[in-house]
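# using only what follows, build the 3D model:
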Amino acid sequence: MEKAHKTQNFLKPLFAVAQAYRTSSAVSLSKLEKPINPAPPETQFLTPDKLLDSVKSSQWHFIKQVSPSLTPNLIFHTILNLRSSPNVVHDFVNNLIPDCLDLECYCLAILILSRIPFPKQATQLMKTVIRNHVASTKEIFYGLLRARKKLNISSSIVMDLLIRALCELEKCGQALQCFKMMNEENIFPKVETCNDMLSLFLKSNRTHMAWFLFSEMFRMRITGTLCTFNIMINVLCKEGNLKKAKNFIRQMESFGFKPNVITYNTVIHAYCLQGDLKEASEVLDEMKSKELEPDVYTYNSLISGMCKERRMDEATALLVRVTECGLAPTAVTYNALIDGYCNTGDLKKAFAYKDEMMKNGVMPMVSTYNPLIHALFLEGDTVEADELIEEMSGKGLMPDAITYNILINGYCRRGNARKAFSLLDEMISKGIQPSRITYTSLIYVLGKRNRMKEADDLFAKILKRGISPDLIMFNALIDGHCANENVERALLLLEEMDKMKILPDEVTYNTIMLGYCKKGKVEDARELLDKMKERGIEPDYISYNTIISGFSRRGDIDDAFKARDEMLSSGFNPTLLTYNALVQGLCKKGEADRAEELLQEMVSQGITPDESTYIPLMEVITNSNRALE
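Sure thing, here's the model as predicted:
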């Protein structure tokens, strides 16, 4: 044992030598595999003074050449000696490779650049540091504090610039973190910086952050501006608290801030979005009472609101008032009117406004053409829709995601799967990502073309790409399988919906019930109706008509009438489809008398019979007469 121990001790140095040899060999091999350019001979004699002289004389070619051999310590002291020449510091940093700069170098350079009256360069360099993940926000913050101390600077402008850079990069959490660190260090940000943060939180829908910051501003005695209050009114509108937004205007006045056109426009626009034109008009009247003249944005909100409510005559009259006030309608004005008239089916007026806007020198946008193309597809006019797309291209306007969705959906509704999929390929080739809406249309057309294997494959591809299906997509897929008599697959999809926590609706159940009835499995459909009720989904008249039709078609007329009675007790009146199904069922059973009684009941209920009512009734009466003969 002792001998073995001595041997082990004796071998230790040899192992160490071998290990050192292996390491040196590995390094040598890596150098052979990846040859690096040796530093230029000049760098062997490069002193701090020579480097400083080279920078001051703008020898940038030389600086780039020696950059790989410069240490962060040498760079830091060079920047320190250039503190009175911020522009030279900017050029020096830009001519260095990023790897040779550490956080201290960056922070010193940023601080020096922040001393310029318009410190755009400092902000840009700050954004480079953040983007390249040189350090965390906390490390950058305290690095800037050390740089301030090094240069004995009391100004906190550089901290404001850090927050602004974070705001421009849309980093909400990091901007708020920086604000809190400033608070801890008793550094007060400028009100403009706070406004930048509030605007970012509003844009990012982080309204809770906006309220936190707003309350902190009051606590820290940072006096807000008119811009601050306008942002907070916008926050209230985004939250849907329009009544509070109106009251906030009065609070502004109590703080000595006079609301401007932007203040009122924000609230008017919010009311118009909600479809509350009455309240919007009241705010407009209040605005005028304060001797503030509405601008084109004010009128655009009102015109858009009227068009959405299909109050087209009022919208048109308001456009006349806009021009009478000496205001020039914008593309937004015309787009609202075009969209409104397309929705009401008046394409003649919609196209007239497109012509008018071009005549007045207002260039149409893609959003001008989209509702027109959609309306043409609804009318089945694909030729004119294609002509509009060519017109768009002639004006240098490229179709967007909405345009492609309209086209794909239009061709899918017409059953043209080939054209729809070619548009999908074109869309992807142009870098426009298909959405859930796009794929739902394609699943729909595949179902109508009995291509359910392809529909299932497409659905699997959608899931793989991380696109979450919604209720409409599931309903389209379930409809396709039920139409192709694969109710089992439809039921599996219903289970998948439950796993994904996507609640089915009456359309989902009605579709599967119809699939069951087509296969003659009316009892299964009836059970599904009960399950539907158990889940709190109320059946509609389509649900009951499906069951009634299923029983009638199968000749179970008594069960059909029981379903009709249940329909009545649930508060649904029989429709033409209900009566037709019952009449046809009675006629199949040869019960002409009961069928005629039902016809009379139908007429007494104000429902006009059609050929589906009369033809089977005439057939059974004719057959009955022949039997009597």
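
# which residues does stretch 550-558 contact?
513, 516-517, 520, 522, 525, 559-560, 563, 581-582, 584-586, 588-589, 591 (CB atoms under 8 Å, 6 or more residues apart in numbering). (Glycine included, C-beta is placed from N, CA and C.)

# report the buried members of these.
Buried members of the contacts of stretch 550-558, scored by 16 or more other CB atoms under 10 Å, are 513, 516-517, 522, 525, 559-560, 563, 581-582, 584-586, 588, 591.

# pick out whichever of those residues sits closest to residue 150.
Of all the buried ones among the contacts of stretch 550-558, residue 150 sits closest to residue 513, with 77.2 Å by CB to CB.

# quickly find the element holding the nearest residue to that closest one once chain neighbours are set aside.
Closest residue to residue 513 apart from its sequence neighbours, by CB to CB, 6 or more residues apart in numbering: residue 525 at 4.1 Å. Secondary structure from DSSP states H and E places residue 525 in helix 522-534.

# distance from that helix to the middle of the chain?
The chain centre lies 37 Å from the centre of helix 522-534; the measure is CA atoms, centre = their mean, to the nearest Å.

# right, and the helix or strand after that helix?
Next along the chain after helix 522-534, with elements defined by DSSP H and E, is helix 541-554.

# pLDDT of that next one, averaged?
Averaged over helix 541-554, pLDDT sits at 91.

# show the subsequent helix or strand relative to it.
Moving toward the C-terminus from helix 541-554, the next helix or strand (DSSP H and E) is helix 557-569.

# what helices or strands is the helix or strand following that following helix leaning on?
Where DSSP H and E defines the elements, the next helix or strand beyond helix 557-569 is helix 576-588. Other helices and strands packing on helix 576-588, by 3 or more CB pairs under 8 Å, 6 or more residues apart in numbering; DSSP states H and E, are helix 541-554, helix 557-569, helix 592-604, helix 611-628.

# can you check which of these gets nearest to residue 405?
Relative to residue 405, the nearest member of the helices and strands packed on helix 576-588 by CB to CB is helix 541-554, separated by 27.2 Å.

# circling back: OK, contacts around the residue nearest to residue 513?
When contacts are counted by CB under 8 Å, 6+ apart, residue 525 touches 512, 513, 514, 516, 517, 546, 547, 550.

# mind checking how far it is from residue 543?
9 Å (CB to CB, to the nearest Å).

# now the common contact residues for these two.
residue 513.

# tell me the spacing between the residue nearest to residue 513 and residue 517.
For residue 525, the distance to residue 517 (CB to CB) stands at 5 Å.

# excluding covalently adjacent residues, which one is nearest to the most centrally placed residue in the chain?
What sits nearest the mean C-alpha location of the chain, by CA atoms, centre = their mean, is residue 435, with 10.1 Å. In space, and not counting its chain neighbours, residue 435 is closest to residue 401: 6.5 Å by CB to CB, 6+ apart.

# so what's residue 537 closest to, chain neighbours aside?
In space, and not counting its chain neighbours, residue 537 is closest to residue 506: 5.8 Å by CB to CB, 6+ apart.

# got the phi/psi numbers for that neighbour?
Dihedral pair for residue 506: phi -60, psi -30, per degrees, to the nearest 10.

# how would you label residue 608: helix, strand or coil?
Secondary structure, DSSP: H, G, I helix; E, B strand; the rest coil: residue 608 is coil.

# that one and residue 549: what is the separation?
Distance from residue 608 to residue 549, by CB to CB: 19 Å.

# next: residue 257.
In this view, residue 257 and residue 549 are 66 Å apart by CB to CB.

# who has more neighbours, these two?
Set residue 257 next to residue 549 and count neighbours by other CB atoms under 10 Å: residue 549 wins out with 23 against 18.

# that older thread, what angle do the helix holding residue 525 and helix 557-569 make?
For helix 522-534 against helix 557-569, the angle by axes from the mean of the first three to the mean of the last three CA atoms, to 10 degrees is 20 degrees.

# now stretch 140-147 - C-alpha only, CSV.
Presented in CSV, the C-alpha positions along stretch 140-147 are these (Å, rounded to 0.1, in the frame of the first residue of the first chain):
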residue,chain,number,x,y,z
ILE,A,140,-25.5,50.2,-17.3
PHE,A,141,-27.3,52.5,-14.8
TYR,A,142,-24.6,52.1,-12.1
GLY,A,143,-21.8,52.3,-14.8
LEU,A,144,-23.2,55.7,-15.8
LEU,A,145,-23.2,56.8,-12.1
ARG,A,146,-19.5,55.8,-11.8
ALA,A,147,-18.8,57.8,-15.0
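
# can you give the distance of it from its chain's centre?
37 Å.

# got it, and stretch 359-369?
Remark: stretch 359-369 is offset 24 Å from the chain centroid, using CA atoms, centre = their mean.

# for residue 449, grab the count of nearby residues.
Residue 449: 16 surrounding residues under other CB under 10 Å.

# for the one 5 residues further on, same thing?
One way to gauge burial is a neighbour count; for residue 454, by other CB under 10 Å, it gives 16.

# with residue 340 instead?
Counted with other CB under 10 Å, residue 340 comes out at 25.

# same check on residue 362?
18.

# distance check, the residue nearest to residue 480 when sequence neighbours are not counted against residue 256.
Spatially, and ignoring its direct neighbours in sequence, residue 480 is nearest to residue 447 (2.3 Å; CB to CB, 6+ apart). Using CB to CB, residue 447 is found at 64 Å from residue 256.

# in the host helix or strand of residue 424, what's buried?
According to DSSP H and E, residue 424 maps onto helix 417-429. By neighbour count on 16+ other CB under 10 Å, the buried set for helix 417-429 is 417, 419, 420, 421, 423, 424, 427.

# give me the mean pLDDT for that helix.
94.

# that helix packs against which elements?
With contacts defined as 3+ CB pairs under 8 Å, 6+ apart, the packing partners of helix 417-429 are helix 401-413, helix 436-448.

# now the first one: buried residues?
If you call a residue buried by 16+ other CB under 10 Å, then helix 401-413 has these buried ones: 401-413.
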